[in-house]
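Novice: Here is a sequence together with a model predicted from it:
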Amino acid sequence: MSIMIEQNSGLTIVRILTDSVDALSAKEIEAAAGELRERTALDFGKVLFINSAGISALLKLVIEARKQGKKLYALNVTAHHRKVFEMVDMLRYMPLTTLEELQATTT
Amino acid sequence: MSIMIEQNSGLTIVRILTDSVDALSAKEIEAAAGELRERTALDFGKVLFINSAGISALLKLVIEARKQGKKLYALNVTAHHRKVFEMVDMLRYMPLTTLEELQATTT
Amino acid sequence: MMTEMNDIEINIPSDHVFERIVRDSAVVVARYLGFAEERTADLQLAVSEAVTNAIEHGNKGRIDVKVGVHFLLQHDRLAVRVIDQGGNAPADLTHQPAPHMEEKLAEDSPRGLGIFLIQQLVDGVELHSGEGRTEFTMWFNLKETPAEEIPPAAPGPGAHPPPGDEQSGEET
Amino acid sequence: MMTEMNDIEINIPSDHVFERIVRDSAVVVARYLGFAEERTADLQLAVSEAVTNAIEHGNKGRIDVKVGVHFLLQHDRLAVRVIDQGGNAPADLTHQPAPHMEEKLAEDSPRGLGIFLIQQLVDGVELHSGEGRTEFTMWFNLKETPAEEIPPAAPGPGAHPPPGDEQSGEET
Ligand SMILES: Nc1ncnc2c1ncn2[C@@H]1O[C@H](COP(=O)(O)OP(=O)(O)O)[C@@H](O)[C@H]1O
Ligand SMILES: Nc1ncnc2c1ncn2[C@@H]1O[C@H](COP(=O)(O)OP(=O)(O)O)[C@@H](O)[C@H]1O
């Protein structure tokens, strides 16, 4: 199992449990599309590697969130992955935040 | 740096910091031979891999401890490494113990 | 002077599961060369992208067809050559524009970021494709050079372009 | 029926630093085959020992001489073949007795545990050595069989003994 989903009122936390967001884990990550709440935060705390196949899976979540008018955030992103996300302009659609910040603004 | 040495009265703790006790880290592990106290405990808590080149380094510590009439112990050994140590009869010379047990019997 | 005595060669079946072998090997090579953590991560990602393309687009996921990867430790750079049995890579492959994310988000299955990422991460790329074989070579200068100072040099004598390649090499 | 479509081949220079590439690859292969954690660790250790021997005793640490490693995913077993350019392995190599630790402790530099460990960890070994080439093959049955039930079978058709090998294969 590559992800674990925690549902709170209006906030979904998708804990990515695999160390690699890549072609192998893409399907399981895309599956989070069915679990989006008002706001969904992807927790990258355990992730050591992300490649473009993994980014494609993340983009599918971005697309689904947009369709549903919901918001997507990223938690615990390493400096390297932040750089990669910036290269492909991902942070525009999945801004970095912290759990504290999200909880402080719980609706 | 592959090891960190903590000296207490009569007890040396050799923390093995490398994840692999192998040909590459052997020299640094052997260097602990100069730091043996009455009792010396090797802490394998961070060790994920041990091969025979690494065991050779550990045997050099056993030899040195014997020469000096000192005692050697192993801490935080995984089930797999315990099995390997048993295969080569290492535990006779470097018995498993815990820090609590060692401290309870501090001389 | 080139030395190739430290070359590493890996051949894997065309299945994503084995891409990880190459990705992990890149870390060992980077450690050997004294790469910093960030540059190690760059190498790992670039290698992963090239191998993924070789598996998917070159060998079309046929598990019985191998992807070859050579780590060539040259005097002033690391070259990583990824070889597949496709020979169908487009000549302009190494000129990917920056992605238009809004366009990608209009697609069902947004892809097409791999080569762009490689271009951002490596000091040079070179493509030879044709006659049932694609060789995609990336290199990393060992002394880090600001991107604008990299000369548009011809590939060194260690680069061994295959006979009969249809496209000439170039740097990003 | 043998299938070798999933074979993985790795060639590394004879330096201990690159042994790790093989060791890490073994983990990927073990995961692919669904090995449990303990058996994965066994595979990793056996492979590490064989590669270390090929580097040290076969190629004598000459970094410009390669050690070859083939992971052969056969229908009922994983074979790992380690190849060096020595050809000087003793015929009785695969009959190492249990170590006498007291004797080892009388030595300055206690060694000689590698082959013994391999024998404990794998389901079979096979050695071909001569004419400047040693092939040391270990295998792991995919269905775990208690050691005493393993038949002393001849190597399967996938084993490819090289022409002109001087020693015949055998199981532990
Ligand atoms: N090794 C290759 N052989 C053939 N075509 C390739 C190869 N690598 C890349 N391509 C082509 O270049 C395109 C862009 O590749 P890339 O940027 O990695 O995106 P993606 O793989 O997600 O499509 C691919 O869709 C493919 O058509
Ligand atoms: N690939 C090889 N080529 C030549 N000799 C070998 C090879 N592998 C092992 N040997 C011989 O077998 C002996 C025992 O090997 P091993 O049990 O691994 O212990 P060690 O390598 O610590 O000496 C070695 O000392 C060496 O003489």
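Specialist: Here it is on my side, so go on. Residues are numbered from 1 along each chain as shown, chains lettered A, B, ... in the order given. Ligands and ions are numbered 1, 2, ... in the order given.
Novice: Listing request: residues of chain A with sub-threshold pLDDT.
Specialist: Along chain A, the parts satisfying pLDDT under 70 run over A:106-107.
Novice: just so I have it, where are all the helices in it?
Specialist: Taking DSSP state H, the helices of chain A run over residues A:26-30, A:52-67, A:79-87, A:99-104.
Novice: Output the shortest one as CSV, nothing but the C-alphas.
Specialist: Think helix A:26-30. Taking Å, rounded to 0.1, in the frame of the first residue of the first chain, the C-alpha atoms of helix A:26-30 are listed here in CSV:
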residue,chain,number,x,y,z
ALA,A,26,1.6,6.2,-9.7
LYS,A,27,-1.7,4.2,-9.8
GLU,A,28,-2.1,4.1,-6.1
ILE,A,29,-1.4,7.8,-5.8
GLU,A,30,-3.9,8.6,-8.5
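Novice: Around ligand 1, pick out the residues from chain A.
Specialist: In this structure, chain A approaches ligand 1 at residues A:Ser52, judged by C-beta under 6 Å from any ligand atom. (Glycine included, C-beta is placed from N, CA and C.)
Novice: what helix or strand is the residue of chain C found nearest chain B on?
Specialist: Per C-beta to the nearest C-beta, C:Arg31 is where chain C lies closest to chain B, at 10.2 Å. Using DSSP states H and E, C:Arg31 falls within helix C:16-33.
Novice: Other residues contacting that helix?
Specialist: Residues outside helix C:16-33 that contact it (C-beta atoms under 8 Å, 6 or more residues apart in numbering or on different chains) are A:20, A:22-24, A:49, A:53, C:6, C:8, C:10, C:12, C:39-40, C:43-44, C:47-48, C:51-52, C:55, C:69, C:71, C:73, C:78, C:80, C:142, D:8, D:10, D:17-18, D:20-21, D:24-25, D:28-29, D:31-32.
Novice: Buried only: go through those residues for me.
Specialist: For these, a burial check counting by 16 or more other C-beta atoms under 10 Å in any protein chain shown picks out A:20, A:22-24, A:49, A:53, C:6, C:8, C:10, C:12, C:39-40, C:43-44, C:47-48, C:51-52, C:55, C:69, C:71, C:73, C:78, C:80, C:142, D:8, D:10, D:17-18, D:20-21, D:24-25, D:28-29, D:32.
Novice: before we move on, the earlier item: C-terminal to the helix holding C:Arg31, what's the next element?
Specialist: Once the chain leaves helix C:16-33, the next helix or strand it forms, by DSSP H and E, is helix C:37-53.
Novice: Packing partners of that next one?
Specialist: On a contact count with 3 or more C-beta pairs under 8 Å, 6 or more residues apart in numbering or on different chains; DSSP states H and E, helix C:37-53 meets strand A:49-50, helix A:52-67, helix A:79-87, helix C:16-33, strand C:66-73, strand C:77-84, helix C:114-121, strand C:133-141.
Novice: which residues touch the residue most central in space within chain A?
Specialist: Closest to where the C-alpha atoms of chain A average out (C-alpha atoms, centre = their mean) is A:Leu42, at 3.0 Å. Applying C-beta under 8 Å, 6+ apart, we find A:Leu42 in contact with A:Val14, A:Ile16, A:Ala32, A:Leu58, A:Leu61, A:Leu72, A:Tyr73, A:Ala74, A:Leu75, A:Met94.
Novice: partners of it in the sheet?
Specialist: With DSSP bridges as the criterion, A:Leu42 is bridged to A:Val14, A:Ala74.
Novice: follow-up on the earlier one: keeping just the C-alphas, turn the helix holding C:Arg31 into PDB.
Specialist: This file holds the C-alpha atoms of helix C:16-33, laid out as PDB (Å, rounded to 0.1, in the frame of the first residue of the first chain):
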ATOM      1  CA  HIS C  16       9.700  -0.200 -14.500                       C
ATOM      2  CA  VAL C  17      10.500  -2.400 -11.500                       C
ATOM      3  CA  PHE C  18      14.100  -2.700 -12.700                       C
ATOM      4  CA  GLU C  19      14.600   1.000 -13.300                       C
ATOM      5  CA  ARG C  20      15.300   1.200  -9.600                       C
ATOM      6  CA  ILE C  21      18.500  -0.900 -10.000                       C
ATOM      7  CA  VAL C  22      19.900   1.900 -12.200                       C
ATOM      8  CA  ARG C  23      18.600   4.700  -9.900                       C
ATOM      9  CA  ASP C  24      20.300   3.100  -6.900                       C
ATOM     10  CA  SER C  25      23.500   2.500  -8.800                       C
ATOM     11  CA  ALA C  26      23.600   6.200  -9.700                       C
ATOM     12  CA  VAL C  27      23.800   6.900  -6.000                       C
ATOM     13  CA  VAL C  28      26.800   4.600  -5.600                       C
ATOM     14  CA  VAL C  29      28.500   6.200  -8.500                       C
ATOM     15  CA  ALA C  30      27.700   9.700  -7.200                       C
ATOM     16  CA  ARG C  31      29.100   8.800  -3.800                       C
ATOM     17  CA  TYR C  32      32.300   7.500  -5.500                       C
ATOM     18  CA  LEU C  33      32.700  10.700  -7.400                       C
END
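Novice: Okay then, goodbye and thanks.
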